[in-house]
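Engineer: what follows is a predicted protein model with its sequence.
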Amino acid sequence: MPRIVIALGGNALQSKNSQPTAEGQLEVVKKTCGYIADICCKGYEIAIVHGNGPQVGRILLASEAARDVTPAMPFDVCGAMSQGFIGYHIQQSLKYELNKRNMNYPVLSVTTQIVVDKDDPAFSNPTKPIGPFYTKEEAEALEAEKGYRMKEDAGRGFRRVVASPIPRRIVEIDAIKDLWESSIVISCGGGGIPVIENMDGTLEGVAAVIDKDHAAELLAERVDADILMILTEVEKVAVNWGKQDQKNLDHLNLKDGMEYIRDNQFAPGSMLPKVEAAMKFVRRYPDRKAIITSLDTAIEALEGTDGTTVTFA
């Protein structure tokens, strides 16, 4: 059976119309897992990667707000916490949807560490804002007390910024491969917990955010997937987005993709990492494909009637 690594965007975990609570998230995840179970019914073997942007931000906010009562958790620990509760929701909901379809597959989550290069240029230029807003005075105090990097964010105050390094190695990949044959595995949640490897072989968590689409691409390579599927809010990748001459793309190859990137057609932090991850996958496997589409058009995209299919040529 074809193997698919599915990367779930934030809209698959929490909608604009839902409350930003655990209960609100669970309701959205239940609907998401219905679509995923339908993909399984089509005969695909799947693994799941999910984002965690809003969730880890709220965990960090709660931790910072309570710092006078209990010590604030480091950012890598907050990332691990988000992997746990999002994975729990997906496990519970997907198992239920599979059972409804008489598909008795175990579903489980792996708390996943991803090794990044301690010399990655992203660490010298952190740009990813996380957590709450602070006044200038509060930001300066945090810089002095904790060594945080703080930057003004669109006139709304100061926020902590962290690096977004390139994922290099999935620490738990052997376990994920072993589990593949018997289970649906949720891993690399939120892009994985970023760690650096010390000279003695020990791993050390770092304050960083790994892009979940790039983490999904790395997983797709390591499990020898046939398809990388990145699910987002839109049915297709578009150029001239939001303009009168917007063009939705049914197909994207490496040559055209590079030209569009040079023309700044894809927004950083939004569609750009999705396109980059898809292109990296088909560059590694020229005979395979990546798909970028929305959750509710995923099956049509797999059948070639919707979504944007990314290929080598």
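Structural biologist: Thanks, I have the structure now.
Engineer: what helix or strand does I210 sit in?
Structural biologist: Of the helices and strands defined by DSSP states H and E, none includes I210.
Engineer: report pLDDT for it.
Structural biologist: On the pLDDT scale, I210 is placed at 93.
Engineer: the closest residue to L218 other than its chain neighbours - how many residues pack around it?
Structural biologist: Among residues not flanking L218 along the chain, P167 sits closest, at 5.0 Å (CB to CB, 6 or more residues apart in numbering). The way it works is simple: take the backbone N, C-alpha and C, and place the C-beta from them, glycine included. For P167, the neighbour count with other CB atoms under 10 Å is 23.
Engineer: next, the contact list for P167, please.
Structural biologist: By CB atoms under 8 Å, 6 or more residues apart in numbering, the contact list for P167 reads I114, V115, V116, G191, G192, I210, D211, H214, A215, L218.
Engineer: go again with 7 Å.
Structural biologist: I114, V116, G192, I210, H214, A215, L218 (CB atoms under 7 Å, 6 or more residues apart in numbering).
Engineer: make TSV out of those residues and add distance to D245 and neighbour count.
Structural biologist: Shown next, in TSV, are the contacts of P167 (distance: CB to CB, whole Å; neighbours: other CB atoms under 10 Å):
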residue	distance to D245	neighbour count
I114	39	27
V116	39	24
G192	38	32
I210	35	25
H214	30	23
A215	34	27
L218	35	27
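Engineer: so which of these sits lowest on pLDDT?
Structural biologist: I210 (93).
Engineer: hmm, G189 and it touching each other?
Structural biologist: No - assessed by CB atoms under 7 Å, I210 is found out of contact with G189, at 10.4 Å.
Engineer: tell me the one among the contacts of P167 nearest to D224.
Structural biologist: L218 (12.5 Å; CB to CB).
Engineer: please report phi then psi for the closest residue to T32 other than its chain neighbours.
Structural biologist: Distance criterion CB to CB, 6+ apart; nearest residue to T32, sequence neighbours excluded, is A12 at 4.5 Å. Note on A12: backbone dihedrals following degrees, to the nearest 10 are phi -80, psi -10.
Engineer: count the neighbours of A12 for me.
Structural biologist: 25.
Engineer: and it, how far from Y105?
Structural biologist: 19 Å (CB to CB, to the nearest Å).
Engineer: pLDDT at the nearest residue to E233 once chain neighbours are set aside, what is it?
Structural biologist: Leaving aside its sequence neighbours, E233 sits nearest to N11 (CB to CB, 6+ apart; 4.8 Å). Looking at N11, its pLDDT reads 72.
Engineer: number the residues from 771 up from this point.
Structural biologist: Noted, 771 is the first residue going forward, which turns the last one into N781.
Engineer: surely N781 touches L1001?
Structural biologist: No - with contact defined as CB under 7 Å, N781 does not reach L1001; the gap is 8.4 Å.
Engineer: more neighbours: those two, which one.
Structural biologist: L1001 (25 against 17).
Engineer: contacting residues around the more buried one?
Structural biologist: I776, A777, L778, G779, A782, T1063, S1064, L1065, A1068.
Engineer: can you tell me which of those has the most neighbours?
Structural biologist: A777 (31 neighbours).
Engineer: now that one, what's its secondary structure?
Structural biologist: strand (DSSP: H, G, I helix; E, B strand; the rest coil).
Engineer: go on, S833?
Structural biologist: Here S833 is recorded as helix under three-state DSSP.
Engineer: what about V1045, how many neighbours?
Structural biologist: V1045 is flanked by 25 other residues according to other CB under 10 Å.
Engineer: excluding its backbone neighbours, what's nearest it?
Structural biologist: Going by CB to CB, 6+ apart, V1045 has F1036 as its nearest residue, at 5.3 Å.
Engineer: next, the buried residues of stretch 917-929.
Structural biologist: If you call a residue buried by 16 or more other CB atoms under 10 Å, then stretch 917-929 has these buried ones: Y918, R919, M920, F928, R929.
Engineer: can you verify my assumption that the residue nearest to T802 contacts T1063?
Structural biologist: No - using CB under 7 Å as the test, A782 is too far from T1063 to be in contact (11.9 Å).
Engineer: dump the residue contacts of A909.
Structural biologist: M920, F928.
Engineer: phi and psi next, for it.
Structural biologist: phi -60, psi -40.
Engineer: wait, is L830 part of a helix?
Structural biologist: Yes - according to three-state DSSP, L830 belongs to a helix.
Engineer: can you pull the pLDDT of it?
Structural biologist: So, for L830, pLDDT stands at 81.
Engineer: what's the local residue count around it?
Structural biologist: Count around L830 with other CB under 10 Å applied: 23.
Engineer: measure it to G823 for me?
Structural biologist: Distance from L830 to G823, by CB to CB: 11 Å.
Engineer: ok so, going back, what about the residue nearest to V1045, how many neighbours?
Structural biologist: 19.
Engineer: for V1080, same thing?
Structural biologist: Count around V1080 with other CB under 10 Å applied: 28.
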